[in-house]
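Q: Structure for this input, please:
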Amino acid sequence: MLGGLMDEARHQREIADFYRVEFQKHRARLSERRRLYGESTYKQVDDALGRLLAEIDLVVGLENFEDLAGQLLAKIDSITHLSSRRTPSRRIH
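A: Residues are numbered from 1 along each chain as shown. Have a look, this model is predicted:
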């Protein structure tokens, strides 16, 4: 039983770490593109990301956290367009 609890705790830490990195990437992208947003929009999204990052270790245990986090990432991506960001390809000849 103790091993199962430890495995679950480790699994939750891994999930929290994954989403923490993803939300941090979006927050950085939001900051890079700040001039494109109204101040109110920027502040609302940045504040929401800040609260989520501060509390992610607490909310990761929610039964549907991964679904909620995935939906939130999709909504934030519609603002930051991070997933559509392309890295330049390098040709080797």
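Q: Please count neighbours and contacts with C-alpha atoms only from this point.
A: OK.
Q: All the helices of the chain, residue numbers only.
A: In the chain, the segments counted as helices under DSSP state H are 2-32, 39-59, 65-80.
Q: mind putting those helices in a markdown table, mean pLDDT included?
A: Below are the helices of the chain laid out as a markdown table (pLDDT from 0 to 100):
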| stretch | mean pLDDT |
| --- | --- |
| helix 2-32 | 91 |
| helix 39-59 | 95 |
| helix 65-80 | 93 |
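Q: now the ones you listed as a markdown table including mean neighbour count?
A: Converted to a markdown table, the helices of the chain look like this (neighbours: other C-alpha atoms under 10 Å):
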| stretch | mean neighbour count |
| --- | --- |
| helix 2-32 | 15 |
| helix 39-59 | 14 |
| helix 65-80 | 15 |
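Q: Tell me which residues touch the most centrally placed residue in the chain, please.
A: By C-alpha atoms, centre = their mean, the chain has its centre lying nearest to Phe23, at 2.0 Å. Residues near Phe23 by C-alpha atoms under 8 Å, 6 or more residues apart in numbering: 49, 53, 73.
Q: again, only using 7 Å
A: Applying C-alpha atoms under 7 Å, 6 or more residues apart in numbering to Phe23 gives the contacts Leu49.
Q: quick one: it from Glu8, how far?
A: 22 Å (C-alpha to C-alpha, to the nearest Å).
Q: Same check on Lys25?
A: Lys25 is 26 Å from Glu8, by C-alpha to C-alpha.
Q: And for Ile15?
A: 10 Å.
Q: same check, this time on Ala16
A: Ala16 is 12 Å from Glu8, by C-alpha to C-alpha.
Q: Quick check: end-to-end length of stretch 28-47?
A: 13 Å.
Q: any idea how far it is from the chain center?
A: 15 Å (C-alpha atoms, centre = their mean, to the nearest Å).
Q: Can you give the contact residues for that stretch?
A: In contact with stretch 28-47 (C-alpha under 7 Å, 6+ apart) are residues 27, 80, 82.
Q: could I get the residues you listed as a markdown table with distance to Val59?
A: Below are these laid out as a markdown table (distance: C-alpha to C-alpha, whole Å):
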| residue | distance to Val59 |
| --- | --- |
| Arg27 | 19 |
| Thr80 | 23 |
| Leu82 | 24 |
